[in-house]
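A.B. asks: With the input below, show me the fold.
(chains A and B)
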Protein chains: 2
Amino acid sequence: MPYRAPVEEFNFLFSHVVKLEDVVATERFADATPDMVTAILNEAGRMCEEVLAPLQRNGDLHPAKLENGVVRTSPGFDEGYKAIAEGGWVSISASQENGGMGLPMAVTTAVNEMMSSACLSLQLNPLMTQGQIEALENHASDAIRETYLPKLISGEWSGTMNLTEAQAGSDVGALRTRAEPNDDGSYAITGQKIYISWGDNDFTENVCHLVLARLPDSVPGTKGISLFLVPKYIPDENGAPGKANDLKVVSLEHKMGLHGSPTAVMQYDGAQGWLIGEENDGMRCMFTMMNNARLGVGVQGIGTAEGALQHAMAYAQDRTQGKTPLENGTGTIMDHADVRRMLTTMKAETAAARAIALANAVAIDMAHATGEADWAARAAFLTPITKAFGTETGANVSDLGIQVHGGMGYIEETGAAQYARDVRVTAIYEGTNGIQSMDLAGRKLMDGGEAAYALLDEIERHAEGARATLPDLAEPVWNATESLREATEWMVSQKNVTDRFAGSVPFLRAWARVLGAHFHLCAAQAEGGEGKRTRLARFYIQRLLPEHTAQLAHATAGSEDLYALTPDDLVA
Amino acid sequence: MPYRAPVEEFNFLFSHVVKLEDVVATERFADATPDMVTAILNEAGRMCEEVLAPLQRNGDLHPAKLENGVVRTSPGFDEGYKAIAEGGWVSISASQENGGMGLPMAVTTAVNEMMSSACLSLQLNPLMTQGQIEALENHASDAIRETYLPKLISGEWSGTMNLTEAQAGSDVGALRTRAEPNDDGSYAITGQKIYISWGDNDFTENVCHLVLARLPDSVPGTKGISLFLVPKYIPDENGAPGKANDLKVVSLEHKMGLHGSPTAVMQYDGAQGWLIGEENDGMRCMFTMMNNARLGVGVQGIGTAEGALQHAMAYAQDRTQGKTPLENGTGTIMDHADVRRMLTTMKAETAAARAIALANAVAIDMAHATGEADWAARAAFLTPITKAFGTETGANVSDLGIQVHGGMGYIEETGAAQYARDVRVTAIYEGTNGIQSMDLAGRKLMDGGEAAYALLDEIERHAEGARATLPDLAEPVWNATESLREATEWMVSQKNVTDRFAGSVPFLRAWARVLGAHFHLCAAQAEGGEGKRTRLARFYIQRLLPEHTAQLAHATAGSEDLYALTPDDLVA
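C.D. replies: Next comes the predicted model:
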């Protein structure tokens, strides 16, 4: 699958749309000069083009498998992973003291997107490690950090997240895995975890599992959960992988896609683990990792969308079929209006989702650099939107990519279908998109809507500024923002959480529509109202933004009519 | 995959929504009394539940394969096919003189839907035969009809459609397969055809291919195409399969889904064929089969949606996860508002698509029975909508089905993903949904909008009639219909076909939204404005119908802005 890293696009967004300059102006990220960022994007982009993209089909055709208890990964993944680790791409944002680059999350986000486009199943491995690094940096003891962080940051070791159990999925609080104190301050972990992405591999020296478990006598629910680091091999006195721990991969799942990524059932039989953070504070610690991973998973969707777009463009520019009345046409299916509609939709959606994700990353960076609560609130507000809209964009764009290919899209060797099958899980894992939307309409409005209104104010201010030069774009953006404000006020005013949740998915989608329009408008304005980004903004604002009306009607319809339909009504 | 045939639903729709009584009132279909129809639905439904549904996973797990030039079908498909043939379910609407039941297409449509829910990949086989029967009944010589129809109608032989070649997909006119006259009045067919569904099998005695080809000196394009019947085995003087014809299956495709249905590359090397219809009139003859098949493929989508809905309902009613504030809850994930939203959307969309398909079938039956051009125009207008909306509903509903399952949805053994993978091709084959929408906005408006306006008038009249009793439902339906009328007028007035085609997909979707709302309103009214169908209509009209606004904005945006974006603009 040929892939071309969209470095120019990232540079444009950083310069004109999401304002990386504000991040670079902070002391913490002063190193992230435009030259430095461009150099990193070029180097990582080249690695994605040359090393990772050729592996994409391997993962699908030769899935990771379990042989005699050992995971064998897909052909070439070993070398691909080494290229990621040696380039330092696992740890762009990890602290410098342990070998990371200490650069903004915005840069990590761009590189993660490129790796996702090139080979999603392999990219999931360092994505998990990135989250673990952040969790350990924030919550682990000095001893743990000294032992583990250099190895994780260098990519010699990899990390996983262990939350789910058969009876505890979205309801993490229902988990039963037990942790019993050992005499030496460590804990014995016993239980079974499912859906563990990259639960094992054959190319890192060690695999470090962050495992949620219950201490004896802990209270039920999420308040009785603690977090433990449980390595596959227990580090010896020199910090090298030593004795094998009492854990194993029981089986790998047979999935719809992402076959290159082994999804494991993990069994812990009194495995030795170390507490991360305080006792019974595991959910909070894990959320550090999960928030990082939620942004990262949204970006997986965006990367897939970019890959599917490029793949479909290559096909459309080559395939001749049918005649059009178009003057100066290319003679390919690109000339057909409906093919053009599909490809332009793919482009416009991908651009919108990318800008949202980068703005999210910039907010995280500003929060880290300034310590300001407003930035943290902005980041927290955008995270579920990035995750859900990024992954839906991945699914929708790759589905359009199949359709652009016509009959060939359904034939696996074309590669178009793989994008759709691979990306489908991203709408499910790291909290389903339903959970994301409940987070947005529930927890993220618990400030009375303060973070939401601040963002709406900013969008309206910008639209007002653009009104003189780009009235046909600025007006609809301003109007849509007002509608979204009303719906947000409605949400905030609902005391019954069920009324919020009945419309939370369309509510999140409307937010994404408006944010996407805002960033398209920013791009058009930065371009001086003339150029390809302005043309793309016009397409998005005229043809896609109007969807917010129906989304908001659905969002604010309440739950009464919904629950008036009984389960029996829904059965045939 | 357990499946329960929705016979009660069909009976309700026939009695109250699509008015089968008008069909039964004609001389031609006087036999199709409600008792007769119910008996057929019950019997066919039982076969689907007991014989076909258990085969669904077999097709996925054990794909049809080519061994030494012979197609080996999935385990149990042989017996499954025999049950279909022996029940007479291939030929419910075939003429009685050759062994068919001579019943309305509306009944065929209901049975086709049930077979699609139960085992889509196998159902595709008799669907192709149904189209072939109709094509031969309308266009073949007496001799051909006498030889072939009894065998096809009994299901002893099966039929295929051979249109596509590597360079001729949507652009059928570009095909190159040659037909040269033999001395005996038959023709020698030479060429390669691709994407031939059920190009061969190991359970019918013969496979009859309808092949589009060019006579020597034919004009280029679609006007130089003729239709030929090319059997795998040439019937001997007794009409039994005789000498093997000069044709073969070259290979089978490795597809995203529908693995139980062998998709063949067919090679014809001077194979003996017989002209169907007139020379150079092949496209018209094939369209008889294609229009039948387009309705049938739309129904495949609807059947898949029903299957996915039942599958997800079974899971949701069993799975416990998380707590809700709901009083009198079931304790399962059914209680969660967002799960309820997904399942209700699945139900409402499936019901809308089903009513559209049955109304389409009723229009076909009325056209056949009365010979009235208005009914034929109604049928022709609805066909692309049934095809595209039915298949999009199949895809969207099965995608929601995956999401309802959470992590389990991505695991193949659950079965949820198979619905989505299997149904994906239905949006592509028998004319992509893009082609359907161009047909709607182009050819189907060439009457100056007469058929469209007649339908809009009918919807508005009905909404006016419902205004007194169900104002909250009737008003939005009436208003939406007016908006759709304006957009239809806009379409009709566009001289530049590219302006129509730039918005044809959203135009078709808006038609489906409004038609769906209309039929939901009909159901609510028939129920006396109280009951499960009224509750479902309220959900659809309040939450889904508003989408038509954005669809119509997109539909009427023209092509200028779209083409302002060059192919280079769309590249990274």
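A.B. asks: give me the low-pLDDT residue ranges for chain A?
C.D. replies: A:572 (pLDDT under 70).
A.B. asks: For A:Phe389, which non-adjacent residue is spatially closest?
C.D. replies: A:Ala512 (3.6 Å; Cβ to Cβ, 6 or more residues apart in numbering or on different chains). C-betas here are computed from N, CA, C, even on glycine.
A.B. asks: In which helix or strand does A:Ala271 reside?
C.D. replies: Assigned by DSSP states H and E, A:Ala271 falls within strand A:263-276.
A.B. asks: That strand: which residues count as buried?
C.D. replies: A:Thr263, A:Ala264, A:Val265, A:Met266, A:Gln267, A:Tyr268, A:Ala271, A:Gln272, A:Gly273, A:Trp274, A:Leu275, A:Ile276 (16 or more other Cβ atoms under 10 Å in any protein chain shown).
A.B. asks: Can you pick out the most distant pair from those residues?
C.D. replies: A:Thr263 and A:Leu275 (26.7 Å; Cβ to Cβ).
A.B. asks: hang on, isn't A:Ser504 packed against A:Ala555?
C.D. replies: Yes. If you go by Cβ atoms under 8 Å, A:Ser504 and A:Ala555 touch, sitting 7.4 Å apart.
A.B. asks: Check the offset of stretch A:137-154 from the chain's centre.
C.D. replies: Relative to the centre of its chain, stretch A:137-154 is centred 24 Å away, using Cα atoms, centre = their mean, to the nearest Å.
A.B. asks: what's the answer for stretch A:428-447, then?
C.D. replies: 14 Å.
A.B. asks: Tell me if it is near chain B.
C.D. replies: Yes. Residues of stretch A:428-447 contacting chain B under Cβ under 8 Å from any Cβ of the partner chain: A:Ile428, A:Tyr429, A:Thr432, A:Asn433, A:Gly434, A:Ser437, A:Met438.
A.B. asks: Is it possible to get TSV of the residues you listed that adds secondary structure and neighbour count?
C.D. replies: Converted to TSV, those look like this (DSSP: H, G, I helix; E, B strand; the rest coil; neighbours: other Cβ atoms under 10 Å in any protein chain shown):
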residue	secondary structure	neighbour count
A:Ile428	coil	24
A:Tyr429	coil	22
A:Thr432	coil	23
A:Asn433	helix	27
A:Gly434	helix	25
A:Ser437	helix	28
A:Met438	helix	25
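A.B. asks: What is the nearest of these to chain B?
C.D. replies: Lowest distance from chain B to the residues of stretch A:428-447 next to chain B (Cβ to the nearest Cβ) belongs to A:Gly434, with 4.2 Å.
A.B. asks: which residue sits closest to the closest one, ignoring its sequence neighbours?
C.D. replies: Using Cβ to Cβ, 6+ apart, the closest residue to A:Gly434 is B:Asp338 (4.2 Å).
A.B. asks: how about the strand or helix carrying that neighbour: buried residues?
C.D. replies: B:Asp338 belongs to helix B:337-370 when assigned by DSSP H and E. Using 16+ other Cβ under 10 Å as the test for burial, helix B:337-370 gives B:337-370.
A.B. asks: Just the closest residue of the stretch 51-200 of chain A to chain B, please.
C.D. replies: For the stretch 51-200 of chain A and chain B, the shortest gap (Cβ to the nearest Cβ) falls at A:Asp171, measuring 3.9 Å.
A.B. asks: Report the contact partners of that residue.
C.D. replies: B:Gln321, B:Gly322, B:Lys323 (Cβ atoms under 8 Å, 6 or more residues apart in numbering or on different chains).
A.B. asks: how near is the nearest residue to A:Glu413 once chain neighbours are set aside to A:Gln418?
C.D. replies: Using Cβ to Cβ, 6+ apart and skipping residues adjacent in sequence, the residue nearest A:Glu413 is B:His254, 6.6 Å away. Here B:His254 is placed at a distance of 12 Å from A:Gln418 (Cβ to Cβ, to the nearest Å).
A.B. asks: Repeat that for A:Arg214.
C.D. replies: 39 Å.
A.B. asks: okay, those two: which has more neighbours?
C.D. replies: Comparing A:Arg214 with A:Gln418 by other Cβ atoms under 10 Å in any protein chain shown, the one with more neighbours is A:Gln418, at 29 against 20.
A.B. asks: So for that one, what's the nearest residue that isn't a sequence neighbour?
C.D. replies: Nearest non-adjacent residue to A:Gln418, counting by Cβ to Cβ, 6+ apart: A:Asp60, 5.0 Å away.
A.B. asks: which residues are in contact with both of B:His254 and A:Gln418?
C.D. replies: With Cβ under 8 Å, 6+ apart, B:His254 and A:Gln418 have common neighbours A:Glu412.
A.B. asks: Contacts only, for A:Ala316.
C.D. replies: By Cβ under 8 Å, 6+ apart, A:Ala316 lies in contact with A:Thr332, A:Ile333, A:Met334, A:Val339, A:Leu343, A:Val404.
A.B. asks: okay, the residues you listed in JSON lines with distance to chain B next?
C.D. replies: Below are those laid out as JSON lines (distance: Cβ to the nearest Cβ, whole Å):
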{"residue": "A:Thr332", "distance to chain B": "8"}
{"residue": "A:Ile333", "distance to chain B": "8"}
{"residue": "A:Met334", "distance to chain B": "5"}
{"residue": "A:Val339", "distance to chain B": "7"}
{"residue": "A:Leu343", "distance to chain B": "6"}
{"residue": "A:Val404", "distance to chain B": "9"}
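A.B. asks: Now the helix or strand containing A:Ile40: buried residues?
C.D. replies: Under the criterion of DSSP H and E, A:Ile40 resides in helix A:34-47. Neighbour-count burial for helix A:34-47, counted by 16+ other Cβ under 10 Å, picks out A:Val37, A:Ile40, A:Leu41, A:Glu43, A:Ala44, A:Gly45, A:Met47.
A.B. asks: about what we covered before: out of the contacts of A:Asp171, which end up buried?
C.D. replies: Buried among those (16+ other Cβ under 10 Å): B:Gln321, B:Gly322.
A.B. asks: Just the closest of the contacts of A:Asp171 to chain A, please.
C.D. replies: Chain A has its nearest neighbour among these in B:Gly322, at 3.9 Å by Cβ to the nearest Cβ.
A.B. asks: Helix, strand, or coil at that closest one?
C.D. replies: coil (DSSP: H, G, I helix; E, B strand; the rest coil).
A.B. asks: likewise A:Val492?
C.D. replies: helix.
A.B. asks: Near it, how many other residues are there?
C.D. replies: What A:Val492 shows, counting by other Cβ under 10 Å, is a neighbour count of 17.
A.B. asks: one step back: counting by contacts, list what the helix holding A:Ile40 packs against.
C.D. replies: helix A:7-12, helix A:20-24, helix A:77-87, helix A:105-118 (3 or more Cβ pairs under 8 Å, 6 or more residues apart in numbering or on different chains; DSSP states H and E).
A.B. asks: Throw these into a markdown table and include mean neighbour count and distance to chain B, thanks.
C.D. replies: Putting those into a markdown table (neighbours: other Cβ atoms under 10 Å in any protein chain shown; distance: least, Cβ to the nearest Cβ, whole Å) gives the following:
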| stretch | mean neighbour count | distance to chain B |
| --- | --- | --- |
| helix A:7-12 | 18 | 6 |
| helix A:20-24 | 21 | 19 |
| helix A:77-87 | 19 | 20 |
| helix A:105-118 | 30 | 10 |
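A.B. asks: Now render those as TSV, adding distance to B:Glu165.
C.D. replies: Converted to TSV, the helices and strands packed on helix A:34-47 look like this (distance: least, Cβ to Cβ, whole Å):
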stretch	distance to B:Glu165
helix A:7-12	38
helix A:20-24	51
helix A:77-87	38
helix A:105-118	33
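A.B. asks: Quick one: name the residues of the stretch 101-250 of chain A near chain B.
C.D. replies: Contact residues (Cβ under 8 Å from any Cβ) of the stretch 101-250 of chain A with chain B: A:Thr164, A:Gln167, A:Ala168, A:Gly169, A:Ser170, A:Asp171, A:Ala174, A:Ile194, A:Tyr195.
A.B. asks: Cheers, nothing more for now.
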